[in-house]
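**Student:** Take this sequence and fold it.
(2 chains)
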Amino acid sequence: MDSKWLPLATAPILGQAPSNTPLTVSEIEALLEGPLEVEFSFRDTRPPSQSIAGLSRGEQEFLLDWIIRVASTHVELGYQIACHGVAALAAMDHHMIEAWALHTMDVYDLSGLRPALQVIDKSAGFAEMQHTRLHGAILEEEERVLTGFLHGLSGRKLKIAASDSTYTDTETLFLPSIQSLFSTREENFLHYKITLALLWAQIRFGTFRALRDIGPTAEGFVPLFHGMETLRLEGCLSRELPGLYRQMVHLKDESDVAVLSSEWQLLSQQLSRPGVSVWEVADMALENLGKLAPCTVSCFQGGLAVESAIACMETRAEREKAHFKVRLQQILDEQAKKQTGEEERDEEKKERFMKKEVEDPSYPEGFRVEILLDDLPVPLPDEMAALASSIIVDFGDIPNDYLEPAGPGEYDPSLLNDDDEEQEDVWSGTYHEEGAFLYQEWDFQRKHYRKNWCAVREKEVVPIHDNFVADTLEKYSGLVRQLRKTFEAMRDEDRLLKRQPHGDGVDIDALVEALADVRQGREMTDRLFTRMHRSERNIAVVFMVDMSGSTKGWINQAERESLVLLCEALETLGDRYAIYGFSSMTRKRCELFHIKHFSEAYDDETRARINGILPQDYTRMGFAIRHLSSLLQETEAKTRMLITLSDGKPDDYDSYRGQYGIEDTRRALVEARQSGIHPYCITIDDEARDYLPHLYGPAAFTVVDDVKSLPLKVSDIYRRLTRA
Amino acid sequence: MENRTLRLDEYKVKSEPYYQPTGDEITLFEAAYRNKLPVLLKGPTGCGKTRFMEYMAWRLQRPLITVSCHDDLTASDLVGRYLVKGGETIWIDGPLTQAVKAGGICYLDEIVEARKDTMVVIHPLADDRRILPVEKLGTLVEASADFALAISYNPGYQSVLKDLKQSTRQRFVALEFDYPDAELEARIVVEESSVELGIAQRLVQFAAMTRNLKGSGLEEGASTRLLVHAAKLIASDVDPVAACRGAIAQALTDDPEMLAAVNELSSSLF
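**Tutor:** Numbering: from 1, shown residues only, chains lettered A, B, ... in the order given. Predicted structure coming up:
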């Protein structure tokens, strides 16, 4: 049995009778009754139970566990898995079955029930490919390695996504979620890797550049061109990545794709030579159109999605042009700052940027492009260098009109805000996730993550300028003074410790005493040194403030007051801190409200934003913990803390209720802890003692009984937490 | 109290270190040295800053005292301290004081790693006073005419906590270092390891790939130094893929998936 599999879901149902005797049909029926909701539907569990009864106990438990896990996502899917499971087990090993079930659930998450049912239906065909128990490679498992590999190759930072077919739109490489042509997992992984390299080569070596410039072509051109172009790209790979090419040749021998015809073999020799351009391939394809039958030259070839690639290139070109020109302007501005006093005229500015082609055989074009400012090369910041290389990948060069720095009003500013797109209209259109951070979420029943489940956006609160802060400070004026004092005392600076056994300097007083001791025949102490006590506080803390609807009124007021007092105290202390509010309305609308970044000062604007914290919708917590953890990760500090201010348990409008929400939150906290973050929770929920120990651990939370005392407590808790 | 004298010879660079200039850094450094200006070397790890210092010390025929800075490096570690020996206290000069007195070049490698109070010690040395106050002795040591101060700094690690203060950086003549261009880097690898040019070029290509990964999984790409390590292994008949794995990939990251990705890149190249 696969070591990864733990029969958890069925364990409570199977009871305490650990036995190797297979379960009977009626026992299986009884087990499936609840999860498949037999009582409320017309599902007949007898036939699947009968077939499952024929399995060994181990196999039965394995399959039942998966049926129940899938049924937790959707009952019908679970039922279908039950119906197809035994046939699938005959054709696939456990590893593949897991992949199949997870893939089904992922498809359900992303596209709905019908496509997911199709995945199950196709299992027969899927399994047929695996006559013998093959080891397929699974994209989900290999994705990080493949992405790393892909980013290492030069050019644009490309993404990988699962799809039914293999192709690229020049930004994302689409690969099948399972690769199983070859007989070992290693070979199937190589299949992925080589396919990836060929798709990358299409972008890198100008395939789409040519197709875009050629424009519409005659029917039959694309498949013919695709075969020929693949041969040329294989040649490119043989020079660029000889190791990979050797692996490709080796795998081609293993695969049962038909041997090339003599005509295609001849073409292969011609096209793989160095110096053959994509234009020559296009010409050759045009000449042979109608004379030569298109050919799939290898199992790595994939498809050629001309239309989506060109559409993607066009949108990107516009965006990148705007970015590039704005960056050039920034360079000019910086330059101007450095040379204040020198007069600059606008007319001259226009011609100041030039490009220079520097011969460099390591680039597919044979040269690299340097940007010159007033005839001197400009060192491009990393981000801009990446932009330039992406532009060169699309155009083979940096077009001249890109070199004019953007003046005001020359570009559409919306092109520059690719992160903030559609912030407000998440509910309109079909694709809500554009421009959002996507976070996974833990499904405790499925025992697996739901991938890219939460669409998270950072939003701004509307600052409210009124007397709130001044009033709060006045209301708690005694407390504020006291807080400042105690926090100041914590700001422990370097102290010279005397009479230390080790240290940097000699404690002369101690030494004189010790020498006197020796003269008198007494034992000499070894505590003769002075040492600087280093107590630099190196703490970064994020406060995660509940902005759910339930905080309306009192609690919201107490939260805002707490934050004001806390900020006053923290300013004295000098710890780095950030404040974010969070709220959600289903997984599609998870929002984090920026109140204060680490780098921002606690000024009037920040105070007005604290004042602007208003109750919003629901309390999904996992995404907030994950997003803020990643922010904390980017901050360098010895101690990183994530402190949640909340009024209740995780809860959201969709299924984020009860155990589901609690388990996801717990999982997010575990992830945070694993990455070295200390989570802590301050809550005013009376019932919190029931679930908080499960979430935060027994010592990492405080329940404040009285809302009114929250402002007094929060600073105090923080002081205790960070005391040396 | 006695003063231990510095044995200058120990710090002399005796034979010419191999160094390939990438720009006008040698002229600049020499001019700075003649004008008694301290020098700041900026650039990523392993791009040749330390080697450059060795080369300059050899060229100028001055002893080179290198101090690698770290979290716990105190001012006493640089300036000197009292020790108790046989019932008496003796003063021992630290490396900086030694260099100041004897007219050596003191090179503080990765200066931002040192504690902040340590950095302040070098301030009076780095301006036109050129003095080193030795607080514990209550004396001021005037720098010998031949003394030079150089520090290195890796802007790639820039962060709120680890950044060079303006008051420090604005005392130095700054030389910017970067990885050499592909052709030169390959030549350096050949020179240092006697590996074939073809292999060296592949290694340089591999380095470029790992440098592409900076920011998407790796903190930093492979340095020229790592390439030389791998090349030396290859020259001793180690398989190139295994050499890249051992000398480069493992040195870059511990993350198993990132390691796998980097290894896939090297196996694609060789």
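**Student:** What residue in the stretch 301-450 of chain A comes nearest to chain B?
**Tutor:** Nearest residue of the stretch 301-450 of chain A to chain B, counting by CB to the nearest CB: A:S362, 5.6 Å away. C-beta here means a position set from N, CA and C on the backbone, and glycine is covered the same way.
**Student:** Quick check: closest non-adjacent residue to that residue.
**Tutor:** Closest residue in space to A:S362, ignoring its immediate chain neighbours: B:A182 at 5.6 Å, by CB to CB, 6 or more residues apart in numbering or on different chains.
**Student:** and the gap between that neighbour and A:G275?
**Tutor:** 20 Å (CB to CB, to the nearest Å).
**Student:** and these two? which has more neighbours close in?
**Tutor:** Taking other CB atoms under 10 Å in any protein chain shown, B:A182 and A:G275 do not tie; B:A182 has more neighbours (17 against 7).
**Student:** List the residues that contact that one.
**Tutor:** Applying CB atoms under 8 Å, 6 or more residues apart in numbering or on different chains, we find B:A182 in contact with A:360, A:362, B:201, B:204-205, B:208.
**Student:** Could you tell me whether the residue of the stretch 301-450 of chain A closest to chain B really is in a helix?
**Tutor:** No. Using DSSP: H, G, I helix; E, B strand; the rest coil, the assignment for A:S362 is coil, not a helix.
**Student:** Nearest residue to the closest residue to chain A within the stretch 101-250 of chain B in space, please, no chain neighbours.
**Tutor:** Nearest residue of the stretch 101-250 of chain B to chain A, counting by CB to the nearest CB: B:M209, 3.8 Å away. Leaving out its chain neighbours, the residue that sits closest to B:M209 by CB to CB, 6+ apart is A:G152, at 3.8 Å.
**Student:** distance of the closest residue to A:H103 other than its chain neighbours from chain B?
**Tutor:** Closest residue in space to A:H103, ignoring its immediate chain neighbours: A:S177 at 5.4 Å, by CB to CB, 6+ apart. According to CB to the nearest CB, to the nearest Å, A:S177 stands 18 Å off from chain B.
**Student:** mind listing the strands for the stretch 151-270 of chain B?
**Tutor:** For the stretch 151-270 of chain B, applying DSSP state E, counting those that start in this stretch gives strands covering B:173-176.
**Student:** which residues touch stretch A:512-521?
**Tutor:** Residues from elsewhere that reach stretch A:512-521 (CB under 8 Å, 6+ apart): A:523-525, A:528, B:87.
**Student:** which helices and strands sit right next to the longest strand along chain A?
**Tutor:** For chain A, the strand that runs over the most residues, judged by DSSP state E, is strand A:448-460. Counting contacts by 3 or more CB pairs under 8 Å, 6 or more residues apart in numbering or on different chains; DSSP states H and E, strand A:448-460 is packed against helix A:94-111, strand A:437-443, strand A:590-596, helix A:622-633.
**Student:** quick one: strands adjacent to the third one?
**Tutor:** When you say that, I think you mean strand A:590-596. In the sheet, strand A:590-596 lines up against strand A:448-460 (parallel), strand A:576-584 (antiparallel) (DSSP bridges).
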